[in-house]
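Asker: generate coordinates for the sequence data below:
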Amino acid sequence: MQKIIITTAALLLIITACRRSSDQTTVSTDAAQEQGLSPDFMNFYMRFHTDSLYQMAHITFPVEGYVPNIGLDSTELQSTQWQQEDWIMHRPLDNSAGNFRQEYQQLNNMVIEYIINDDERMAMERRFSKLGNEWYLIYYMGMNRVSIE
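Answerer: Numbers count the residues shown, from 1 in each chain. Alright, predicted model coming up:
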């Protein structure tokens, strides 16, 4: 009896997750059209943030970029090469407080994403490139104090 309950609960979770995923795909396609981003990039972007194995397989390690300097008063950037063993998973932006804005630039087979907090004068930048038929994260600047004009 206990096995039946556990199996039923697992199936309900899977069904719910599949429905939620397909709903998000519809929303992301609309967002892609609004922002001028290709639907294949938006599908990649959503999966990149929800599937950890997929994310790790779609990063070109070592990744050039800059470490976060949130706790510093300086806007001086410290370069780094992000390594696979030190990578912290990227999750979808929670902007429920409305403090951030996202901007994208699509240049042929590259998308540059900026996540900006104007009040705190901070920004994060990621660059994604289409290599062959797949998108990959190729650059990451963590949240840094920047001079925003």
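Asker: direction included, what does the helix or strand residue 127 falls within pair up with?
Answerer: Using DSSP states H and E, residue 127 sits within strand 122-131. According to DSSP bridges, strand 122-131 forms sheet pairs with strand 110-117 (antiparallel), strand 134-145 (antiparallel).
Asker: ok, which of those strands comes nearest residue 48?
Answerer: Residue 48 lies closest, by Cβ to Cβ, to one member of the strands paired with strand 122-131: strand 134-145, at 7.3 Å. Every C-beta, even on glycine, is put in place using the N, C-alpha and C of the backbone.
Asker: and the contacts of the closest one?
Answerer: 40-41, 44-45, 48, 55, 58-60, 63-70, 72-75, 77, 82, 111, 115, 117, 120-130 (Cβ atoms under 8 Å, 6 or more residues apart in numbering).
Asker: give me the buried subset of these.
Answerer: Taking 16 or more other Cβ atoms under 10 Å as the criterion, what is buried in the contacts of strand 134-145 is 41, 44-45, 48, 55, 58-59, 63, 65-66, 69, 82, 111, 115, 117, 122-130.
Asker: follow-up on the earlier one: now the strand holding residue 127 - C-alpha only, CSV.
Answerer: The C-alpha coordinates for strand 122-131 follow below in CSV (Å, rounded to 0.1, in the frame of the first residue of the first chain):
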residue,chain,number,x,y,z
MET,A,122,25.3,47.0,-10.0
ALA,A,123,25.3,44.8,-13.1
MET,A,124,25.9,41.3,-14.3
GLU,A,125,26.8,40.3,-17.8
ARG,A,126,26.6,36.9,-19.6
ARG,A,127,27.4,36.1,-23.1
PHE,A,128,25.9,33.1,-24.9
SER,A,129,27.1,31.9,-28.3
LYS,A,130,25.6,29.4,-30.8
LEU,A,131,28.3,26.9,-31.6
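Asker: contact partners of that strand?
Answerer: Taking Cβ under 8 Å, 6+ apart as the rule, strand 122-131 contacts 41, 44-45, 60, 70, 90, 109-117, 135-146, 148.
Asker: from the strands paired with strand 122-131, which stretch is densest packed?
Answerer: Mean neighbours per residue, mean count of other Cβ atoms under 10 Å, is largest over those for strand 134-145, with a mean of 19.
Asker: output it as CSV, nothing but the C-alphas.
Answerer: Extracted as CSV, the C-alpha positions of strand 134-145 are listed here (Å, rounded to 0.1, in the frame of the first residue of the first chain):
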residue,chain,number,x,y,z
GLU,A,134,23.7,24.4,-29.6
TRP,A,135,23.9,27.5,-27.4
TYR,A,136,26.7,27.8,-24.8
LEU,A,137,27.6,30.2,-22.0
ILE,A,138,31.0,31.6,-23.1
TYR,A,139,31.5,34.6,-20.7
TYR,A,140,30.3,35.5,-17.2
MET,A,141,30.8,38.7,-15.2
GLY,A,142,29.3,38.3,-11.7
MET,A,143,27.3,41.1,-10.1
ASN,A,144,29.6,44.0,-9.9
ARG,A,145,29.5,47.6,-8.9
